[in-house]
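K.L.:
this is a predicted model, with the sequence first.
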Amino acid sequence: MDRLRLLWIGAGLTLLIFVPAYCLTLSLGPAIPRDGTSLVVGRDFLNIWMYGRAAWQADPARYYDMPTYLAALGPVVGAGYPGQLWSYPPVALLIAAPFGLLPYLPALSLWTACGIVGFTVALRLWTRDWRIIALLLAAPAALIGLMSGQFALLAAAILLAVLHWRESRPWLAGALVGLLLVKPQLALLIPLLFIATGNWRAFVAAALSSVTLAGVVALIWGIDIWHIYIATGIANQSLVLSDPDHLAGPFMPTLFMNLRVIGVPVPAASALQTVLALLAAILVWLRFRQRPAPDDLRANLLFLACAVSATPYMLSYDTLALAAVAVLALAAGEGRIAPSLAFFLPLLQIVAGMAGLPGPGLIPILLALHLSGEQKNIVVN
């Protein structure tokens with residue numbers, strides 16, 4: 001574990017400084033406690049919980065209209081609550097529905113427990129070393145995801161399971177991909193991986209699970225919910241990218257957002273992001289055409305680095321799967337610098353973003369280029 005000492009020190013300091021500092025900002029007076037930014041504890045889980053409540057109501061599609069959604073939030077958190085969007089794809093209604101049956105704080109507790117358990121189970125597919133698992137539960141991406149009440153730990157669990165089972169259980173691996181419809185940007189390059197490796201069973205399973213989930217949503221809430229999402233929900237989400245104040249700058253380690261932070265116009269930033277996405281896709285194609293084994297950590301690390309690079313919309317906590325494979329690779333003998341940068345990427349992006357500096361958005365693609373230069377296999381010890 002000497003190879004992981006720097007990561008333990010960094011994660012330990014983050015825990016000792018960040019967690020107490022955050023807890024000291026909490027105000028326990030309101031029915032749902034608030035933190036120092038006036039956001040409720042669990043932050044983004046508020047939207048997931050509202051999806052869960054809406055799943056049991058008539059016409060949840062109406063909440064894609066922002067004034068309607070903000071009006072619905074009023075009785076829960078008061079008028080004028082900041083910065084909320086109803087922008088998840090409609091599949092989120094299926095996942096969130098059970099949590100909408102509970103009051104907010106019990107629902108948040110159950111959601112958090114599901115994320116921790118799911119991520120731990122997925123890590124156990126790759127390693128039985130509890131020191132590595134504990135380190136990854138304390139990783140910056142995990143901490144930010146937990147604080148934000150996000151889907152991050154469950155999404156990372158799905159990605160790790162898909163990569164692990166893609167050859168041994170292709171139908172299951174492909175079926176799991178459908179769950180990423182909640183955050184489709186995370187699955188952007190997975191079909192390319194399946195095609196490059198000739199894994200048509202996983203590809204078909206992914207397509208079937210995605211179509212099935214979309215169809216179930218349409219059967220329950222009507223086909224119009226998809227039309228409204230495409231017309232309005234995607235536009236709501238794009239507001240984050242075009243925001244002139246770049247409020248997401250500290251939290252998105254993507255080339256697009258790094259460029260926006262320094263004032264590059266949206267068209268130019270989009271063009272450069274497109275070039276980067278094409279490069280990421282080419283790297284994945286070239287590496288996985290060689291059919292690396294599912295336990296090849298360098299190949300999986302390259303894929304996850306390219307997955308982060310390929311999209312303009314990637315929050316720091318959604319790099320958790322990248323951090324997980326980086327730690328596994330480091331423990332198995334990979335060089336120290338590249339995996340360490342992947343592990344600390346969320347913190348680097350926060351610091352750079354708050355200072356108005358670009359740079360961390362290039363770390364994933366530089367990591368992928370480094371990994372593509374030397375074709376050697378590293379597997380879990």
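P.N.:
Arrived safely.
K.L.:
any weak-confidence spans in the stretch 151-300 of the chain?
P.N.:
Residue ranges of the stretch 151-300 of the chain with pLDDT under 70: 244-247.
K.L.:
and the residue lying closest to Ala248 once chain neighbours are set aside, how far is that from Pro346?
P.N.:
Spatially, and ignoring its direct neighbours in sequence, Ala248 is nearest to Val240 (5.1 Å; CB to CB, 6 or more residues apart in numbering). From N, CA and C alone the C-beta is placed, and that goes for glycine too. Between Val240 and Pro346 the distance is 17 Å, computed by CB to CB, to the nearest Å.
K.L.:
compare neighbour counts for those two and give me the winner.
P.N.:
Pro346 (27 against 19; other CB atoms under 10 Å).
K.L.:
now name the helix or strand holding that one.
P.N.:
helix 345-354 (DSSP states H and E).
K.L.:
got the buried residues for that helix?
P.N.:
Within helix 345-354, the residues scored as buried using 16 or more other CB atoms under 10 Å are 345-350, 352-353.
K.L.:
need phi/psi at the residue nearest the centre of the chain.
P.N.:
Nearest to the geometric centre of the chain sits Asp318, at 2.4 Å (CA atoms, centre = their mean). Backbone torsions of Asp318, given as degrees, to the nearest 10, read phi -80, psi 0.
K.L.:
wait, it sits on Leu154?
P.N.:
No. The criterion here is CB atoms under 8 Å, and Asp318 misses it with Leu154 at 11.0 Å.
K.L.:
follow-up on the earlier one: how far is the very next helix or strand once past the helix holding Pro346 from where the chain is centred?
P.N.:
Using DSSP H and E, the helix or strand that follows helix 345-354 towards the C-terminus is helix 363-372. Centroid separation between helix 363-372 and its chain, computed with CA atoms, centre = their mean, to the nearest Å, is 19 Å.
K.L.:
taking helix 345-354 as reference, get the angle to helix 363-372.
P.N.:
If you take axes from the mean of the first three to the mean of the last three CA atoms, to 10 degrees, helix 363-372 sits at 140 degrees to helix 345-354.
K.L.:
mind listing what's buried along stretch 296-304?
P.N.:
Neighbour counts over stretch 296-304 (16+ other CB under 10 Å) mark 296-304 as buried.
K.L.:
stretch 80-91 too?
P.N.:
81, 84-91.
K.L.:
closest to Leu159 among the buried residues of stretch 296-304?
P.N.:
Distance to Leu159 across those (CB to CB) is lowest for Leu304, with 7.2 Å.
K.L.:
what helix or strand does that closest one sit in?
P.N.:
According to DSSP H and E, Leu304 maps onto helix 297-309.
K.L.:
packing partners of the helix or strand following that helix?
P.N.:
Downstream of helix 297-309, the first helix or strand assigned by DSSP H and E is helix 320-331. Packing partners of helix 320-331 (3 or more CB pairs under 8 Å, 6 or more residues apart in numbering; DSSP states H and E): helix 130-137, helix 140-147, helix 152-165, helix 297-309, helix 337-343.
K.L.:
so which of those helices is nearest Phe99?
P.N.:
Taking CB to CB, helix 152-165 is the member of the helices and strands packed on helix 320-331 nearest to Phe99, at 12.2 Å.
K.L.:
you'd agree Trp111 is up against Leu46?
P.N.:
No. Trp111 is beyond contact range of Leu46, at 11.1 Å (criterion: CB under 8 Å).
K.L.:
which residues sit against the helix holding Pro346?
P.N.:
Taking contacts as CB atoms under 8 Å, 6 or more residues apart in numbering, the residues outside helix 345-354 that touch it are 10, 14, 140-141, 144, 246, 249-253, 257-258, 261, 316-317, 319, 322-323, 341, 358-361, 363-364.
K.L.:
one step back: look up how far Ile234 lies from the residue nearest to Ala248.
P.N.:
Between Val240 and Ile234 the distance is 11 Å, computed by CB to CB.
K.L.:
same deal with Leu186?
P.N.:
According to CB to CB, Leu186 and Ile234 sit 16 Å apart.
K.L.:
before we move on, what about Gly36?
P.N.:
Separation of Gly36 from Ile234 (CB to CB) stands at 32 Å.
K.L.:
just Ile225 next, same as before
P.N.:
Taking CB to CB, one finds Ile225 at 13 Å from Ile234.
K.L.:
quick one: which of these two has more around it?
P.N.:
Each of Ile225 and Ile234 has its neighbours counted (other CB under 10 Å); Ile225 has more, 21 against 12.
K.L.:
thought the more buried one was touching Pro60?
P.N.:
Yes. With contact defined as CB under 8 Å, Ile225 reaches Pro60; the gap is 7.1 Å.
K.L.:
shared neighbours of the two, anything?
P.N.:
Here Ile225 and Pro60 have Pro90 as joint contacts, going by CB under 8 Å, 6+ apart.
K.L.:
just checking, Ile48 touches Leu154?
P.N.:
No. Contact criterion CB under 8 Å: Ile48 and Leu154 do not qualify, at 10.8 Å.
K.L.:
could I get stretch 5-23 in CSV with only the CA atoms?
P.N.:
What follows is stretch 5-23, C-alpha atoms only, in CSV (Å, rounded to 0.1, in the frame of the first residue of the first chain):
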residue,chain,number,x,y,z
ARG,A,5,0.3,6.6,0.4
LEU,A,6,-0.1,10.0,-1.4
LEU,A,7,-3.7,9.2,-2.2
TRP,A,8,-4.4,8.2,1.4
ILE,A,9,-2.8,11.5,2.7
GLY,A,10,-4.8,13.6,0.2
ALA,A,11,-8.1,11.8,0.9
GLY,A,12,-7.5,11.9,4.7
LEU,A,13,-6.8,15.7,4.6
THR,A,14,-9.9,16.2,2.5
LEU,A,15,-12.0,14.3,5.0
LEU,A,16,-10.5,16.1,8.0
ILE,A,17,-10.9,19.5,6.5
PHE,A,18,-13.9,19.3,4.1
VAL,A,19,-16.4,17.3,6.1
PRO,A,20,-16.2,19.2,9.4
ALA,A,21,-16.2,22.5,7.6
TYR,A,22,-19.3,21.5,5.7
CYS,A,23,-21.1,20.3,8.8
